[in-house]
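K.L.:
Could you work out the structure for the sequence below:
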Amino acid sequence: MTERKDRYRAALERGGDSAARPSAARPARVTTLQSRYVSVTIEVDPDLEKSVTRWVGPPLSALVLAGTNVLRVVVDTAARMPLLAGRARS
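P.N.:
Residues are numbered from 1 along each chain as shown. Prediction:
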């Protein structure tokens, strides 16, 4: 267990090879979450936003288009149906 800790600490001190990480030249977004017992630092790669936008954009656009069409059909159907408010059903 202590050997693993030592390797982890050595890797943190080295900081990583900049040739292995092409995004190392650009600043990353760093967020620190702190509570009474735990402190967590999250570093987000700047290219993540581009990747997420590329993968999520088309399905989200299709979902919005489908939702728009469904709402359009519901509104048209509701406009054509007679209002039954106030009438007693027999």
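K.L.:
and the one helix or strand Y8 maps to, C-alpha only, in CSV?
P.N.:
Following DSSP states H and E, one finds Y8 within helix 2-14. Only the C-alpha atoms of helix 2-14 are listed here, as CSV (Å, rounded to 0.1, in the frame of the first residue of the first chain):
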residue,chain,number,x,y,z
THR,A,2,2.8,2.4,0.8
GLU,A,3,4.5,1.7,-2.5
ARG,A,4,1.4,2.6,-4.3
LYS,A,5,1.1,5.9,-2.3
ASP,A,6,4.8,6.7,-3.1
ARG,A,7,4.2,6.1,-6.8
TYR,A,8,1.1,8.3,-6.7
ARG,A,9,3.0,11.1,-5.0
ALA,A,10,5.9,10.8,-7.4
ALA,A,11,3.5,11.1,-10.3
LEU,A,12,1.9,14.2,-8.8
GLU,A,13,5.4,15.8,-8.3
ARG,A,14,6.3,15.1,-11.9
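K.L.:
which helices and strands sit right next to that helix?
P.N.:
Using 3 or more CB pairs under 8 Å, 6 or more residues apart in numbering; DSSP states H and E as the contact test, no helix or strand touches helix 2-14. Quick note: C-beta positions are derived from backbone N, CA and C, even for glycine.
K.L.:
Following element in sequence after that helix, please.
P.N.:
strand 29-34.
K.L.:
in that following strand, what's buried?
P.N.:
Within strand 29-34, no residue is scored as buried using 16 or more other CB atoms under 10 Å.
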